[in-house]
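>>> curious how this folds, go ahead:
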Amino acid sequence: MTAVESRLDQYGKAVRTAVEHLLATEPRYDGLYGMLRYHLGWLESNDGGPGKQLRPAICLLVAEAVGGDWRPAVPVATAVELLHNFSLIHDDIQDGSHMRRHREALWSVWGLAQGVNAGDALLILAEQAILEATPPMDPALALGSVRRLNAACRRLCEGQYLDLLWEDQPTIELDEYLEMIAGKTAALFRCAAELGAYSVGANPALQEAFALGLAFQAADDVLGVWGPADQTGKTSDLDVANRKKTLPVVIGLSAPDSPMANRLRELFAQDRQLTPDGTAEATAVLDQLGVRPEAERLARGFRDEAIGVIEAAGLGERSEPLLEFTRAVVPEM
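Numbers count the residues shown, from 1 in each chain. Have a look, this model is predicted:
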C-alpha cells in the first residue's frame, strides 16, 4: 500500500464512522438506512464496494496540504460524499440506469418512490454532517460550510437540468457541454477542495482544483462509450442509448458534414431511446469519426490544468499526495 493509498484508507474509515453516527436511529427506520448502506456499498452483498470516494479524498488531501491536519475537515468531507451520493441515486432514476457500482441500483431494488425518498434523506444527512458534527464545529465555520455546500448543490442541479434538457436537443456546442459539467460534476469537486481549505482556516488557494472535476467527467464520458461494464459498474452504452450529450457525442455531432457524421446526427435526432442496434451503430460511427483520441486529449488537458494549479500554490512537499492522487484519477489514456 502506497503512502497515498494509506491516507485514503484512513480518510475512508473516518468518513464512514461519521456517516454511521448519523445513521443511528430508531429500529423502525432500519429499512430506510439499510437502503442507504446498500447504496454506499457497506453491505456484504455489495461486490462493487463503496465507490471511488474522490470528493472526500480531495477535501481531506487539501486540508492536510494547506493546514497540516485533515481531521478537522472530516465533517465537510462527509457532507460532500453524502451530497454526491444523493445525486447518484436521483441520477440513476432519471437515466433509468438499473446498475450502479456493479450491482442493481437502489431504485431498481426498492422502487422509484423509495429511491427518491432515500436520495432526499442523503441530502438532509449531508447538511447534518456539518451542523451536527462530533465534536461540534465552530458555528460560524459550520454556517459558512453549509452555505458553500448548498451553493454547490444548486450548481449541480443546474448542470443536471441542462443534461436532461439536452437529451432532446439535436446538437450542442463544446462550450455548452463544458458549462453543463462545470455544474453537474466540477462544482462539487471545487466545493470539496474549497471546504478542505476553509475548514482548517486556510486561504482556499486550491479551490481552482475544480479543473479535476472537468477531467474526471471527460474521462468518465469516454468510459461511458468505450469502457466495459465490468470497469464502469453501469450498463454498457447506456449514455449512448439515452442520447446523452457526453463529450464523445458532442465532438461527433459537431463533425463536418459527411455520410458518417450526418448519420450520427440522424440517430441522435430521434425522440426516443436508441435500440440496441442503433446504439451499436452510433458507437461504431463515433469510432469511424476518430472521436476517442480528441476526447482523451481534452481529458488530459483538464487534468494537467488541475496539476498546474496545485503546483502553483507553492506548498512544496505537502502537495505531493494531492498531486499523486490527481494523476491517478485521470491516468494517461
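>>> wait, T246 touches V225, no?
Yes. Using CB atoms under 8 Å, T246 is in contact with V225, at 6.9 Å. C-beta coordinates here come from the backbone N, C-alpha and C atoms, glycine included.
>>> so what sits against both of the two?
Jointly contacting T246 and V225 under the rule CB atoms under 8 Å, 6 or more residues apart in numbering are D239.
>>> count the neighbours of E281 for me.
16 (other CB atoms under 10 Å).
>>> tell me where the model's unsure across the stretch 51-200 of the chain.
Within the stretch 51-200 of the chain, no range satisfies pLDDT under 70.
>>> surely L298 meets L247?
Yes. With contact defined as CB under 8 Å, L298 counts as touching L247 (6.7 Å).
>>> same drill for those two, tell me which one is more crowded.
Shown here are L298 and L247; by other CB under 10 Å, L247 has more neighbours (26 against 21).
>>> tell me the contacts of the nearest residue to E158 once chain neighbours are set aside?
Spatial nearest neighbour of E158, chain neighbours left out: G183 (4.6 Å); criterion: CB to CB, 6 or more residues apart in numbering. Residues near G183 by CB under 8 Å, 6+ apart: 155-160, 162.
>>> among those residues, name the buried ones.
Buried by 16 or more other CB atoms under 10 Å: 155-156, 158-160, 162, out of the contacts of G183.
>>> which one of those residues is nearest P27?
The nearest member of the buried ones among the contacts of G183 to P27, counting by CB to CB, is L156 at 33.2 Å.
>>> what's the helix or strand containing I89 packed up against?
Per DSSP states H and E: I89 is located in helix 74-95. Where contact means 3 or more CB pairs under 8 Å, 6 or more residues apart in numbering; DSSP states H and E, helix 74-95 is packed against helix 3-23, helix 30-40, helix 54-67, helix 106-110, helix 112-131, helix 139-165, helix 187-199.
>>> the longest one: which residues count as buried?
Looking back up the chat, that one is helix 139-165. 141-142, 144-146, 148-149, 152-153, 155-156, 158-160, 162-163.
>>> okay, now the unreliable bits of the stretch 201-333 of the chain?
204-210, 228-236, 332-333.
>>> one more time with 90
Residue ranges of the stretch 201-333 of the chain with pLDDT under 90: 202-213, 215-216, 220, 223-224, 226-239, 242-243, 270-273, 309, 312-315, 328-333.
>>> which stretches of it form helices?
211-226, 229-232, 238-241, 247-253, 259-268, 276-288, 291-312, 320-329 (DSSP state H, counting those that start in this stretch).
>>> alright, calling it a day.
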